[in-house]
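In: sequence and predicted structure are below.
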Amino acid sequence: MNSIHSYMFVLLVALLSPAWTLAADTESVDYVRRYFAIDESVVSYLPGKGIEEYDRHGSGMSTIGSTGGFGLSIDDVSATVMITSRLEEGRYIVTVDLDPADSRGSLGFEKQDLDLTDLKPVAITLATSKEGRVYQLNLTPSVRVSDNTPKRLDVDQLRLHNWRFPDSPVLVDDSLYVGRINCLSSPVAFMDISGVASVEFSLYQLKDAEPWGVFSNGIVTLIHPQGQTIQISNVSNGAYRAMDLPGGPYRVWVRWSDPTFTVQQHREQMIEMRERIANGEFPNARVDYFDKQLARDPSPWIQSSGLRGLRKGERVDASD
């Protein structure tokens, strides 16, 4: 059986890096570029046989000023298919050759110069093995456009006021762990901790909110005037991607009220819910979660948490 080996070496793509052309007045810049590119692949097949006899030996892409190559071992001949492209009087010329040169004669291949300016795909037979397997190079040219026009930075689009809590741990009074919150991308956060407090907080100034919080270095700290603290770490911001806000510390506006439930009331709720799950009332719920919670000594725990958008008229500094 034939020994078949293929690989593709690095494409030296000189024209894919950002490039700008200065006009004669040095004031205007052409940030939009159009350039020829070519998608390349090497395949093989046995004529007259089924689809199971098709094979793929590598693929890649190159542009003018770059060189692509595919290594093949056909029967006892090793060769590299070399693909180079250039512009000649505005025409897109692609050269296909085999290296080393003596492999051409062994495989029956002749160097070819192709004019692909009309963007028509071509298929080139490279060689045929002793068993009749045909090795073919497929070339698909195209014109691509890159637009590097600088855009105005719109901070509002980044929505840096939006909180992101990716499984963020919460501490009360700097030492008591009360659980984690996992939610993202809205400007108002809320959290109800049994036996501690029910809080809403935002980087926006909210009506009926107090400046009782600080956000710095990925940590939100809410501080009640009587000294109680709630601290959330591993916090970031942004609408679509997590961003660490530079600078700071930033003021956080807080609505702080009594918790909805005491520690004991929360524990009784968990006991009741565990029994209902065990009795099959909620088939998709997990009993083991409540077992773990009930195995702890009674202490404050996050009853509920989440994020929401701004309500109409809620912002102090907004026109609505």
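Out: Received, thanks.

In: could you look up the SS state of the most centrally placed residue in the chain?
Out: Nearest to the mean C-alpha position of the chain, by Cα atoms, centre = their mean, lies residue 241 at 8.6 Å. In the three-state summary, residue 241 is assigned as coil, counting by DSSP: H, G, I helix; E, B strand; the rest coil.

In: what residues of the longest helix along the chain count as buried?
Out: As assigned by DSSP state H, the longest helix anywhere in the chain is helix 263-278. Applying a neighbour-count criterion of 16 or more other Cβ atoms under 10 Å, the buried positions in helix 263-278 are 263, 266, 267, 270, 273, 274, 277. For the C-beta atoms, the positions are set from N, CA and C on the backbone; glycine is no exception.

In: show the backbone phi and psi for the closest residue to the last one other than its chain neighbours.
Out: In space, residue 277 comes closest to residue 285 once its chain neighbours are excluded; the distance is 4.6 Å by Cβ to Cβ, 6 or more residues apart in numbering. Comment: the main-chain dihedrals of residue 285 come out as phi -80, psi 160, following degrees, to the nearest 10.

In: state the distance from residue 285 to residue 185.
Out: Noted for residue 285: a distance of 27 Å to residue 185, by Cβ to Cβ, to the nearest Å.

In: higher neighbour count, those two?
Out: A side-by-side neighbour count of residue 285 and residue 185, using other Cβ atoms under 10 Å, places residue 185 first with 17 against 14.

In: next, give phi and psi for the more buried one.
Out: phi 70, psi 50.

In: equivalent analysis for residue 39, please.
Out: The phi and psi torsions at residue 39 (degrees, to the nearest 10) take the values phi -90, psi 130.

In: burial of it, as a residue count?
Out: Residues within reach of residue 39, counting by other Cβ under 10 Å, total 15.

In: beta-bridge partners for it, please?
Out: Partner residues in beta bridges with residue 39: residue 61, residue 140, with DSSP bridges as the criterion.

In: I'd assumed residue 63 was in contact with it.
Out: No: in this structure, residue 39 is not within contact of residue 63 by Cβ atoms under 8 Å, at 10.8 Å.

In: that older thread, show me what the next helix or strand after the longest helix of the chain is packed up against.
Out: Counting by DSSP states H and E, the next helix or strand C-terminal to helix 263-278 is helix 287-295. Contacts defined by 3 or more Cβ pairs under 8 Å, 6 or more residues apart in numbering; DSSP states H and E place helix 287-295 against helix 263-278.

In: measure how far the helix it packs on is from the centre of its chain, please.
Out: Helix 263-278 has its average C-alpha position 40 Å from the chain's average C-alpha position, going by Cα atoms, centre = their mean, to the nearest Å.

In: same question, stretch 94-114
Out: That offset, for stretch 94-114, works out to 41 Å (Cα atoms, centre = their mean).

In: what of stretch 44-51?
Out: Relative to the chain's own centre, stretch 44-51 is displaced by 39 Å; criterion: Cα atoms, centre = their mean.

In: now stretch 129-139
Out: With Cα atoms, centre = their mean as the basis, the distance from the averaged C-alpha position of stretch 129-139 to the chain average is 38 Å.
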